[in-house]
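1. Can you look at this prediction? I've put the sequence above it.
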Amino acid sequence: MPGPAGSNPAALVKDRIPPSLLSKPILKCLFKTFLCPFFNYNRLFQTSYTPTTTFIYPYTYTYYYKYILEGIAPLKAIPPRAEVFPLTEENSTKNILEVEVDKIFADLSSKALKISELLSAFALPPISELVKREYKNVWHTQYAPSAIAKAAVYKELIGIISCDTLVKYLKRYPEEAKILGFNEGEIPGHRTFSRCFIGKVGELAKWVAWKIRDAADEKAIRLIDQRSVVGEKKLKKDEIKKICKLAEKHIFPMISIASEYHNPKYSNEDMLNLLLHAAMTNDFAEDASNTLKESRPNWNVPNADTLLYHIKYHTKYGKEKKERSKEEIERIFIKAFDTIFKIAKKQNPKLFKGKKDIAIDFTDWLYYGKSDTEMVTGTKPTRGTSWAYKFGSINIVENGTRFTLLALPVSSELERGEEMLRVTEKLIKYAKKKIEIDRVYADKWFYNVKFIKILREANTDFVIQVPMNKRITKILEDNKDKDTIVIEDFKLKDKTNKIKEKANFFAVKKRLFNINAKRFEDDLNKGVISEELRTIFKTKGSSLSEAATVIKENGEWRITDGEKRYIIKKEKGKLNVYRKSENNGEEKVCFITSLDVDEKSANLYAELFRRRWGIETSYRVEGDFKPKTTSKNPVVRLYYFFFSVCVYNIWVIANMILSLVLGVIADKPLITAKRLIVLLQMSLAEKGPP
């Protein structure tokens, strides 16, 4: 109910609540149910804004309870609202910010730019006005709202997690604070930043940071962090050394391959040092031994035969040598995985708290020998062979991290498909003991009714990519005019028709990539494919020949290059590039899921699958540190593979810890795999002989 113009809120409080109740605990309940709606309305009543221009602040209740009910401040402590940037459908906040981002990047010609200098060109009017409105209600000492708005975006762009770290950062680099608009020696405290960044301001800052990164990627502009300018990316060796010591103390002793003689010539550290060097260089043990001896003449380096002998056999003084079994190697490394998990959970509890998305994957280690070799199974013909050692792994895929919970070998004793399902079931059971699973993401091989049954029995949701076959092709042809296809209760069955399952099917357009509309739209309208656009196609794996042509039809551009055809559509201000399929429709990617799905959620699930499955490519590329070997012995192959996964996980933990210590969220590893291996080697060498 509207109050009279000029009503005094303090007087209205006294009229409605007897003074004797003001000190009672029940007051809080009364305040929440009665007074909060009144004061929210009074806020609107004092200005000329509609409800669409306001939002609720987390400290509203605390503020009014403290100042009005406790009588700490008079009514003038609640000033009228500063004018807010108008929010309408035609002139929305995000549209205004997007126009500013596009305008600034359109004028840029530099290929590298400091983040602070880039932000100095921005005004960010909607965010600044929101800061100004909130800021006047709380603080006595004023800072420029535009500077605080820029600081909010700056925090997101350089990947700082907390406001406390932001304050320390700006104090360490005062020139950055000055460029953002703060006066010399007048940097806000972390509480000021925290209050300003709450709610809508923080959300808009993240959105603007995303737009800036996107625009910078499209124009191939490298955004430079001040830390890279002054060399702070030379990370503190002390923190990395702590990680190496954790591995040396808790993990490496579990995978010991040293002789058990009383006074062996080579220690476990010597053996693992050679293995680490072979992993880092992706080399054979013999070559790795020779190069390590040359580069580290003071180290006690075993030869390749010694290393392989101790992997294959137990050696204990006074007893005959005993051959290690595959099962023993598997047990050793499962214990190692358990230990690594405990370390990772202790260092970063948030990564393992709550429900987590996981991905199941199979990795081939190609083999060029005879097909009847133990543990060798068939695989898709690749690089001149159809045989491989196959390993299954289950990984947490969250927050930019792929952490391997467990890896297991696929035996050649059973039929390959059955054995892969057995390994998959074992991996899922192990994961459920460690974490609470939200969704399982899996690739085309797992489009299998038996696998879906395993997931159903485990009470786990899933999103699985669907391979092309006659049935799927017909569905796509029958619905080629639809951008998104959804089929509920899609029936699946095995070859015997004995096992049947249902899931929801959906197919979405397979977007190749997107490009900047302002940079390419004029050329495309003229029928011109610029060299810059050709370069983008080439970098995305779809090179265009000189004969490629482009025409505009029905508001979209069609590129024809021989038998290859592409469509460019303008969607939400971006030019999205799609490839035409053989049936003249746009190529689609298909999935099945246990989740409820409609056209809107279908695109969301497809995007989540793309992000989860393709997560941290840099980790995958750099994380391939398996030593090479021609050995047919399955124990050697198993040990090499499990060792590489353990080192990979140590690397992931190292980046977790460094991210937490430095207070940054990095889009690439903070320490490279090779650097970590070198430091692990140094740590092992420092331990010295037993």
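-> Perfect, thanks for sending it. Numbering: from 1, shown residues only.

2. ok, the closest residue in space to residue 637 that isn't next to it in sequence to residue 312 distance?
-> In space, and not counting its chain neighbours, residue 637 is closest to residue 389: 5.5 Å by CB to CB, 6 or more residues apart in numbering. Heads up, the C-betas are built off the backbone N, CA and C, glycines and all. Remark: distance between residue 389 and residue 312 (CB to CB, to the nearest Å) = 16 Å.

3. Comparing these two, which residue is more hemmed in?
-> residue 389 (23 against 17; other CB atoms under 10 Å).

4. quick one: contacts for that one?
-> Going by CB atoms under 8 Å, 6 or more residues apart in numbering, residue 389 touches 364-365, 367, 375-377, 409-410, 637, 641.

5. ok, now with 10 Å
-> Counting by CB atoms under 10 Å, 6 or more residues apart in numbering, residue 389 makes contact with 363-367, 373-377, 379, 409-410, 412, 634, 637-638, 640-641.

6. looking at the protein, which helix or strand is least sure?
-> The weakest-scoring helix or strand in the chain, judged by mean pLDDT, DSSP states H and E, is helix 60-64 (a mean of 34).

7. other SSEs contacting the helix or strand following it?
-> Sequence-wise, the next helix or strand downstream of helix 60-64 (DSSP states H and E) is helix 93-106. On a contact count with 3 or more CB pairs under 10 Å, 6 or more residues apart in numbering; DSSP states H and E, helix 93-106 meets helix 115-119, helix 125-138, helix 200-218, strand 511-516, helix 517-525.

8. how close does the closest residue to residue 550 other than its chain neighbours get to residue 627?
-> Counting by CB to CB, 6+ apart, residue 559 is the residue found nearest to residue 550 once chain neighbours are left out, at 4.8 Å. Here residue 559 is placed at a distance of 45 Å from residue 627 (CB to CB).

9. Ok, residue 94 next?
-> In terms of CB to CB, residue 94 sits 51 Å off from residue 627.

10. And residue 341, by the same measure?
-> Residue 341 is 24 Å from residue 627, by CB to CB.

11. Please apply the same query to residue 270.
-> When residue 270 is compared with residue 627 (using CB to CB), they lie 16 Å apart.

12. list the contacts for residue 150?
-> So residue 150 contacts 116, 118-120, 122-124, 127-128, 144, 179-182, 205, 208 (CB under 10 Å, 6+ apart).

13. who wins for neighbours among these?
-> residue 127 (30 neighbours).

14. For it, list the residues it contacts.
-> 85, 93, 96-97, 145-146, 148-150, 152-153, 196, 200-205, 207-208.

15. Narrow the residues you listed to those that are buried.
-> Among those, those buried by neighbour count (16 or more other CB atoms under 10 Å) are 85, 93, 96-97, 145-146, 148-150, 152-153, 196, 200-202, 204-205, 207-208.

16. pLDDT of stretch 484-500, averaged?
-> Here stretch 484-500 scores 85 as its mean pLDDT.

17. list the buried ones in it?
-> Buried-residue list, stretch 484-500, by 16+ other CB under 10 Å: 484-486, 490, 492.

18. Can you give me the end-to-end span of that stretch?
-> Start-to-end span of stretch 484-500 (CA to CA, to the nearest Å) is 26 Å.

19. And the contacts of stretch 476-488?
-> Under CB under 10 Å, 6+ apart, the answer for stretch 476-488 is 468, 475, 502-509, 569, 578, 581-588, 590, 592, 596-603, 606.

20. Show me which of those are buried.
-> 475, 503-509, 569, 578, 581, 585-588, 590, 592, 597, 601-603, 606.

21. Go through those residues and flag which are in helices.
-> 475, 601-603, 606 (DSSP state H).

22. Would you double-check that residue 679 falls in a strand?
-> No. Residue 679 is assigned helix when assessed by DSSP: H, G, I helix; E, B strand; the rest coil, not a strand.

23. which residues sit in contact with it?
-> Taking CB under 10 Å, 6+ apart, one finds 237, 240-241, 243-244, 247, 654, 671 in contact with residue 679.

24. Which two of the residues you listed have the greatest separation?
-> 237 and 247 (15.2 Å; CB to CB).

25. Show me which of the two is the more surrounded one.
-> Between residue 237 and residue 247, counted using other CB under 10 Å, the more crowded position is residue 247 (25 against 11).

26. Surely that one and residue 643 touch.
-> No. If you go by CB atoms under 10 Å, residue 247 and residue 643 don't touch, sitting 12.0 Å apart.

27. tell me, what's touching these two both at once?
-> Joint contacts of residue 247 and residue 643 (CB under 10 Å, 6+ apart) are residue 272.

28. Who are the packing partners of the helix or strand containing residue 361?
-> Residue 361 is part of strand 355-367 when elements are defined by DSSP H and E. Judged by 3+ CB pairs under 10 Å, 6+ apart, strand 355-367 is in contact with strand 376-382, strand 385-398, strand 401-409, helix 416-434, strand 436-442, strand 461-466, helix 599-613, helix 634-662.
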